[in-house]
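> Sharing a sequence plus its predicted fold:
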Amino acid sequence: MASQSEIAAKLGVNVSTFKDFIARGIIEERERGQYTYEECSKQYLDHLREIAAGRYSEDGLDLSAERARLAKEQADAKEMENAIGRGELVKIDDIVKQFEDQLLKSKVKLLAVPTKVAAEVNAAKDVKECKAIIEEAVKEALSELVGYRQSASSEEA
């Protein structure tokens, strides 16, 4: 059995460093004069091995788990980058912007329909001809929407 100062001297550290090891849990705390060199040196060497292996962290983080998490994030980022390059993945902001533009153009054309067709409808011979004129103007306005097919809308009506 030995005192803290005796063990510190054998480990090659000063007493305050040895006390710091105890405070940080690197070396198990014992009663005064109850330390053994073998036990303390084993605990100290285990601590040094953890540092050398990259598994020790002051703040309790598991460094190997953090490295694995980082590697996974990097792999996911590369996978996403490749998917974008292949055209399998798109940015939602780009799609939203294109859709908003299409809707705005359609809205403008639809709001212009009454003004555009008023004279033609007024000169039409009957209700059937009025309907055809209005339908054509609406279809033209809807053509601003990508993917809109006039044949599909005619079948639905």
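Received the coordinates, thanks.
> got a list of what the closest residue in space to residue 3 that isn't next to it in sequence touches?
For residue 3, ignoring the flanking residues on the chain, the nearest one in space by CB to CB, 6 or more residues apart in numbering is residue 33 at 5.2 Å. The way it works is simple: take the backbone N, C-alpha and C, and place the C-beta from them, glycine included. Residue 33 is in contact with 1, 2, 3, counting by CB atoms under 8 Å, 6 or more residues apart in numbering.
> Any idea what the second one is bridged to?
Listed by DSSP bridges, the beta-bridge partners for residue 2 are residue 35.
> Pretty sure it sits against residue 37.
Yes - between residue 2 and residue 37 there is a contact under CB atoms under 8 Å: 6.3 Å.
> Need the overlap of contacts for these two.
Common neighbours of residue 2 and residue 37 (CB under 8 Å, 6+ apart) are residue 10.
> contacting residues for residue 37?
2, 6, 7, 10.
> in the protein, what spans have low per-residue confidence?
54-62, 146-157 (pLDDT under 70).
> and the residue in it sticking out farthest from the centre, helix, strand or coil?
The C-alpha centroid of the chain is most remote from residue 125, which lies 61.7 Å away (CA atoms, centre = their mean). With DSSP: H, G, I helix; E, B strand; the rest coil as the basis, residue 125 sits in coil.
> That one and residue 117, how far apart?
15 Å (CB to CB, to the nearest Å).
> What of residue 90?
37 Å.
> what about these two, which has more around it?
residue 117 (18 against 11; other CB atoms under 10 Å).
> Just the buried residues of the helix or strand where the more buried one lies, please?
Using DSSP states H and E, residue 117 falls within helix 92-123. By neighbour count on 16 or more other CB atoms under 10 Å, the buried set for helix 92-123 is 106, 109, 113, 117, 121.
> What residues does the second one make contact with?
The one in question is residue 109. If you count contacts by CB under 8 Å, 6+ apart, residue 109 has them with 140, 141, 144.
> Compare the residues you listed and tell me which is most surrounded.
Neighbour-wise, these (other CB under 10 Å) top out at residue 141, 20 neighbours.
> Isn't it up against residue 117?
No - if you go by CB under 8 Å, residue 141 and residue 117 don't touch, sitting 10.8 Å apart.
> that older thread, can you flag the buried ones in the contacts of residue 33?
The buried subset of the contacts of residue 33 - by 16+ other CB under 10 Å - is residue 2.
> Put together CSV for the contacts of residue 33, with distance to residue 63 on each row.
Below are those laid out as CSV (distance: CB to CB, whole Å):
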residue, distance to residue 63
1, 35
2, 33
3, 34
